[in-house]
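Novice: Next comes the sequence, and after it the predicted model I'd like to discuss.
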Amino acid sequence: MAVASITVSETPLVLYTLRRADDALILGHRLSEWCGHAPILEEDMALANMALDLLGQARELYSYAAEVEGKGNDEDKLAYLRDVRQYRNLLLLEQPNGDFARTMVRQLFYSAFADLYWRAMMKSSDATLAAIAAKSEKESDYHLRHSSEWIVRLGDGTEESHARAQTAVDDLWAFTGEMFEVDAGERALFNAGIAVDPAGLRSQWLDTVSGVVGEATLVLPSNDWMQQGGRDGRHSEHLGHLLSELQSMQRTFPGVAW
Amino acid sequence: MAVASITVSETPLVLYTLRRADDALILGHRLSEWCGHAPILEEDMALANMALDLLGQARELYSYAAEVEGKGNDEDKLAYLRDVRQYRNLLLLEQPNGDFARTMVRQLFYSAFADLYWRAMMKSSDATLAAIAAKSEKESDYHLRHSSEWIVRLGDGTEESHARAQTAVDDLWAFTGEMFEVDAGERALFNAGIAVDPAGLRSQWLDTVSGVVGEATLVLPSNDWMQQGGRDGRHSEHLGHLLSELQSMQRTFPGVAW
Amino acid sequence: AAHAAAFQARIDAEERIEPNDWMPAAYRKTLTRQISQHAHSEIVGMLPEGNWITRAPSLRRKAALLAKVQDECGHGLYLYAAAETLGASREELVDQMLAGKAKYSSIFNYPTLTWADIGVIGWLVDGAAIMNQIPLCRCSYGPYARAMIRVCKEESFHQRQGYEIMLTLARGSDEQKAMAQDALNRWWWPVLMMFGPPDQVSQHSDTSTKWKIKRFSNDELRQKFVDATVPQAQYLGLTIPDPGLKQNPATGHWEYSAIDWEEFKQVLAGNGPCNRDRMAARRKAHDDGAWVREAAQAYAEKRKRRQVAQAAE
Amino acid sequence: AAHAAAFQARIDAEERIEPNDWMPAAYRKTLTRQISQHAHSEIVGMLPEGNWITRAPSLRRKAALLAKVQDECGHGLYLYAAAETLGASREELVDQMLAGKAKYSSIFNYPTLTWADIGVIGWLVDGAAIMNQIPLCRCSYGPYARAMIRVCKEESFHQRQGYEIMLTLARGSDEQKAMAQDALNRWWWPVLMMFGPPDQVSQHSDTSTKWKIKRFSNDELRQKFVDATVPQAQYLGLTIPDPGLKQNPATGHWEYSAIDWEEFKQVLAGNGPCNRDRMAARRKAHDDGAWVREAAQAYAEKRKRRQVAQAAE
């Protein structure tokens, strides 16, 4: 009987790195689904750009997680041979693209966080994470600007685009709280100066997002209930379908090089 | 290195049976995608009924193919461990569901054929195929009636439903020719009284389909170009995606019982 | 008042109330709400299991799962028909649900993440549903009672199928066993919540009991379910995720830890993992199907006009 | 007439014609058609490869494929910009394509069935495109020539990537080798057709040659391609699916069997395996994106009005 999925020794640093790698891969994968289907060619370019940035981040983070783990895993094993319950990405990032407004709202919510997060992580005592952060921060800054510009255009565009953008904000809002949650393992990494506490980024994140949403003549929901589970592998039903596609080749042809 | 896909010793009878099994599985799978999403609850029931009939046919046909082949394969190995180039179904049947009109036109085109085909196959000199035919003919008869009734309702319903039904007819027409094509291996089976030549069913099929389409105030396209390839595993791009979903569990967890 | 007394006397005598019989407005309203919520639950309940039809790991399981989900749709149809005998139309009831004004069972707001969830849903969710529904086969309202008899028969078939999926996993590879345990861990507490709030805080129960719509309290049914389920889990070799679970040597009952009713309230209020997805899926099916329903109606009207015209010739 | 003579003299002297220069109407028309068809091909060409982005078998390949498809989109953009210098708007050109009135390369009407098709497209389809496009870098029309220089540079990078995918497969497992051979079998003849009809029946070539838009005949380029490709296939250990293929000892050229031009004509006429799917995908992207384009325009107009209003204060 062949082995199905790999096991990962999830020490705090491995798990921490893996969670960020999964974030980048899953959002990058979602963005790549637009390729060839965007509303204008310039957006085909821009969405692919953002997807490529995120795939690049994912590859570095997976490689580092594999290195820290030291059990012979590598970027591809970590990406292609873990099942849905082993994935640790934020629920926000696995949500389907929906229409262009939904894709851009997802991007705004995440990039506004990622930009602050990576900037803070540039001071990590872990040199590899600090280096990844420096590159990722520049990329997130562009993603944030790009998605902000679109949210303003859509929100303050036509009646239809306004309604679509507002629906997207309402539907995705409950997934934003998870970005600021941490567990005990992560807390230990803050104390070691390796990681940063995202709770400290929340008010600045809210300022950024409120600013964009306000300029877009949209409103943030008043419902404060926030959904969680992604960090522990309790995902929505969407991720399993994404993975069955993402992993189909590696699952069908196990153990060969491509 | 684990084995990816099985190999099948495609003697004429194995291949012949496998092609019909793939037809039933792929169409059944497509119909099952509607489950929970149909326009009315009665159609959720009806589409699931048809899907179940087809899954049942697929299981009997795969089991028989495996028995004739005699190499230790079984219905699940044949369904879950062949890749896209090994699948032999008609291109018509792998086409995405699209809207309800497209699903029903696909069903009409195929059932009008299947009903005639299975009726003729009831006289097969192969007792197993004759028995499968007897059951399948009854089922196809219902599928034909059900889809015919819907095509008439949609074609002769509203302007919108008429336009959607006509588009579906136009788009799927080029896939109907493949039902009547045969290769040398199949021809040998006709001569042995095991199989029937579908070419002989074509004019009756056209009568049935023309009658329904005419009553629906729709028209058949005048373009006579017909697309082929499914019987030799040259599929559309849609089948690969269908299989990555259909096979995901067996590919992820090879060799275990469920 | 004479009507009311006669009505209650019939109830007390275990007679069945039928659609054309006199009944109190509150009885009608309570039953309409309960039956339609039950119908909505069957329909929304198609979605979590439907999520695995295209990925079922064998053809036999695929066919069984599809047939099961189809049965649920059938249950929805009988139940809407039963509600219609009380004067509410299916369309109106469905519209209430799609508008978010009518509830369905909160259990369907949890996601099916692995194949083992299909086993657990059959084993525990259907098991709990049966526990709730068996007493309803003796409900005072005839059409509902008769619908429940048919539903219960099919549900116990589903429950056995679900248990058999679990058995296969529990006797399978290490990964399969882990998958089964994980699914049990995620579903156990939500399933216990299916029996509703604890008796001290439960609404509706008083009149429902008087009218013999409800025959057992939430906590009684929940206890019955736990007592039936613990030995099944033991046989499977799975651990119920409740470290406080223990058998009371005096009563023989399995006592379980406190339930997190805050989660229940949140899910009920719309804040569950899949509430948005479920409603979105049902609304999309409804909206995408509008042109089909319109076409069917337009055709039926045309046909009628033609028949009238022909008859007039 | 004096204009025409001076124009031809500049062409003959290998001077570049620039957008504001005088040019014959037929030259403008020919170039607009050719450049826009080329642009459409880049955009439709995103689809067959795009079909594998979500399923690429390693993260490195996934990133490379996505970057490649993005490059194709970029090529489409430069080429539309080059066509716009001739007075046609991108919108108008795209509308022609979506209406089925403008062509794109028929090769993109074949499906990508396995991962090896991604290798073959890079190796052969891009290889054939480069063969066609290198002479265009010296095309008489400046903006087109400059666009082609950039395109060719990127295409040869893609071509090497594709060959490297093939090499990995050819040195891989038996299944991978079979996958590579199968892809070659399916793509070989359609790729040879990319050079267009044989010289005896080719249209447009006379004036295009005179105007130095076209510098080699279809058959010349096809032969050059076959000669370059046969040794590459040999190195991979793959068999070109042409039993008649043989090297002419006198000329050194690899002679190939007759091409099935009937298939070419059918695909060109809309009867290829993916014509309908490709057009449907592009139309859907266009239609689904309409509200986004409208919103962007509405916002730009609002903003302009606000700036005018502010300036007036």
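Specialist: Thanks, I have it.

Novice: Contacts only, for the residue in chain C that chain D sits nearest to.
Specialist: Nearest residue of chain C to chain D, counting by C-beta to the nearest C-beta: C:D288, 15.0 Å away. Where you see a C-beta, it was placed from the backbone N, CA and C, and this is true even at glycine. Each residue near C:D288 by C-beta atoms under 8 Å, 6 or more residues apart in numbering or on different chains is listed here: B:37, B:39, B:99.

Novice: from these, which is closest to chain A?
Specialist: The closest of these to chain A turns out to be B:H37 (C-beta to the nearest C-beta; 13.9 Å).

Novice: Helix, strand or coil: sort out the closest one for me.
Specialist: Taking DSSP: H, G, I helix; E, B strand; the rest coil as the rule, one finds B:H37 in the coil state.

Novice: I figured it was touching C:K284, is that so?
Specialist: Yes: using C-beta atoms under 8 Å, B:H37 is in contact with C:K284, at 7.2 Å.

Novice: of these two, who's got more company?
Specialist: The residue with more neighbours, out of B:H37 and C:K284, is B:H37; 20 against 11, by other C-beta atoms under 10 Å in any protein chain shown.

Novice: hey, where'd the helices end up in the stretch 151-258 of chain A?
Specialist: A:159-172, A:184-191, A:202-215, A:237-246, A:248-252 (DSSP state H, counting those that start in this stretch).

Novice: now do chain C
Specialist: C:2-12, C:25-44, C:46-50, C:59-84, C:90-98, C:115-120, C:126-133, C:142-170, C:174-193, C:205-210, C:218-236, C:261-268, C:275-288, C:290-312 (DSSP state H).

Novice: Just checking, which helix or strand of the chain averages the lowest pLDDT?
Specialist: In the absence of a named chain, chain A is used. helix A:184-191 (a mean of 92; mean pLDDT, DSSP states H and E).

Novice: You answered for a different chain; I wanted chain C.
Specialist: Per mean pLDDT, DSSP H and E, helix C:205-210 ranks last in chain C, at a mean of 82.

Novice: Show me what that helix is packed against.
Specialist: helix C:25-44 (3 or more C-beta pairs under 8 Å, 6 or more residues apart in numbering or on different chains; DSSP states H and E).

Novice: Point out where the chain drops to low pLDDT.
Specialist: Using chain A here. Residues of chain A meeting the criterion pLDDT under 70: A:1-3.

Novice: sorry, should have said chain C
Specialist: Using pLDDT under 70, chain C drops low at C:203-205.

Novice: if you set the cut-off to 80 instead, what comes out?
Specialist: Scanning chain C for pLDDT under 80 picks out the ranges C:1, C:202-205, C:313.

Novice: Name the residues of the stretch 51-200 of chain A found near chain D, please.
Specialist: Contacts of the stretch 51-200 of chain A with chain D, taken as C-beta under 8 Å from any C-beta of the partner chain, map to A:51-52, A:55-56, A:58-59, A:62, A:75-76, A:79-80, A:99-100, A:152-154, A:156-158, A:160-161, A:164.

Novice: got a list of what the closest residue to chain A within chain C touches?
Specialist: At 4.1 Å from chain A, C:N271 is the closest residue in chain C, using C-beta to the nearest C-beta. Contact analysis of C:N271 by C-beta under 8 Å, 6+ apart lists A:174, A:223, A:225, A:227.

Novice: Looking at those residues, which two lie furthest apart in space?
Specialist: A:N223 and A:Q227 (10.9 Å; C-beta to C-beta).

Novice: Looking at those two, which is more packed in?
Specialist: Just comparing A:N223 and A:Q227: by other C-beta under 10 Å the higher neighbour count belongs to A:Q227, 22 against 12.

Novice: Once you drop chain neighbours, what's closest to the more buried one?
Specialist: A:A174 (4.8 Å; C-beta to C-beta, 6 or more residues apart in numbering or on different chains).

Novice: circling back: could you check how far the residue of chain C closest to chain A is from C:T251?
Specialist: C:N271 is 36 Å from C:T251, where distance means C-beta to C-beta, to the nearest Å.

Novice: Likewise for C:Y299?
Specialist: Counting by C-beta to C-beta - C:Y299 and C:T251 are separated by 63 Å.

Novice: Compare the two (neighbour count), which wins?
Specialist: Comparing C:Y299 with C:T251 by other C-beta under 10 Å, the one with more neighbours is C:Y299, at 21 against 10.

Novice: Hmm, the more buried one is touching B:D156, no?
Specialist: Yes: with contacts counted by C-beta under 8 Å, C:Y299 reaches B:D156, the gap being 5.5 Å.

Novice: Quick check: phi and psi at C:L245.
Specialist: Per-residue torsions, C:L245: phi -60, psi 130 (degrees, to the nearest 10).

Novice: Hmm, it is touching C:W254, no?
Specialist: Yes: taking C-beta under 8 Å as the definition, C:L245 is a contact partner of C:W254 at 6.1 Å.

Novice: and the helix or strand that contains A:I26 with helix A:237-246, angle?
Specialist: Taking DSSP states H and E as the criterion, A:I26 maps to helix A:12-32. Here helix A:12-32 runs at an angle of 80 degrees relative to helix A:237-246 (axes from the mean of the first three to the mean of the last three C-alpha atoms, to 10 degrees).

Novice: Okay, angle between the very next helix or strand once past helix A:12-32 and helix A:12-32 too, please.
Specialist: As assigned by DSSP H and E, the chain's next helix or strand after helix A:12-32 is helix A:41-69. Angle of helix A:41-69 versus helix A:12-32, following the same axes, to 10 degrees, is 160 degrees.

Novice: Close to chain D: what parts of the stretch 151-300 of chain C are there?
Specialist: Residues of the stretch 151-300 of chain C found near chain D (C-beta under 8 Å from any C-beta): none.

Novice: Residue of the stretch 51-200 of chain A closest to chain D, please.
Specialist: Closest point on the stretch 51-200 of chain A to chain D, by C-beta to the nearest C-beta, is A:G157, at 2.9 Å.

Novice: dump the residue contacts of that residue.
Specialist: Shown in contact with A:G157 (C-beta under 8 Å, 6+ apart): D:294-296, D:298-299.

Novice: ok, how many other residues are close to the nearest residue to C:W291 once chain neighbours are set aside?
Specialist: Excluding the flanking residues, the one nearest C:W291 by C-beta to C-beta, 6+ apart is B:E160, at 5.1 Å. Counted with other C-beta under 10 Å, the neighbours of B:E160 add up to 16.

Novice: Chain A versus B:E160, what's the distance?
Specialist: 20 Å (C-beta to the nearest C-beta, to the nearest Å).

Novice: Show the contacting residues for A:L90.
Specialist: Counting by C-beta under 8 Å, 6+ apart, the residues that A:L90 touches are A:23, A:110, A:175, A:178-179, A:230-231.

Novice: Which PyMOL command selects the buried ones in the residues you listed?
Specialist: Per 16 or more other C-beta atoms under 10 Å in any protein chain shown, the buried members of the contacts of A:L90 correspond to this PyMOL selection:
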select buried, chain A and resi 23+110+175+178+179+230+231
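
Novice: wait, which of the contacts of A:L90 is closest to A:L116?
Specialist: Relative to A:L116, the closest of these is A:M179; by C-beta to C-beta it sits at 10.0 Å.

Novice: The closest one and chain B: what is the separation?
Specialist: To chain B, A:M179 is 29 Å away according to C-beta to the nearest C-beta.

Novice: In chain A, which residue sits closest to chain C?
Specialist: Nearest residue of chain A to chain C (C-beta to the nearest C-beta) works out as A:W225 at 4.1 Å.

Novice: Pretty sure that residue sits against A:W173.
Specialist: No: at 9.4 Å, A:W225 does not count as touching A:W173 under the criterion of C-beta under 8 Å.

Novice: When those two are compared, which one has more neighbours?
Specialist: Applying other C-beta under 10 Å to A:W225 and A:W173 shows that A:W173 carries more neighbours, namely 21 against 13.

Novice: contacting residues around that one?
Specialist: A:220-221, A:223.

Novice: For the residues you listed, give me JSON lines that also has distance to chain C.
Specialist: Formatted as JSON lines, those follow (distance: C-beta to the nearest C-beta, whole Å):
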{"residue": "A:L220", "distance to chain C": "17"}
{"residue": "A:P221", "distance to chain C": "12"}
{"residue": "A:N223", "distance to chain C": "8"}
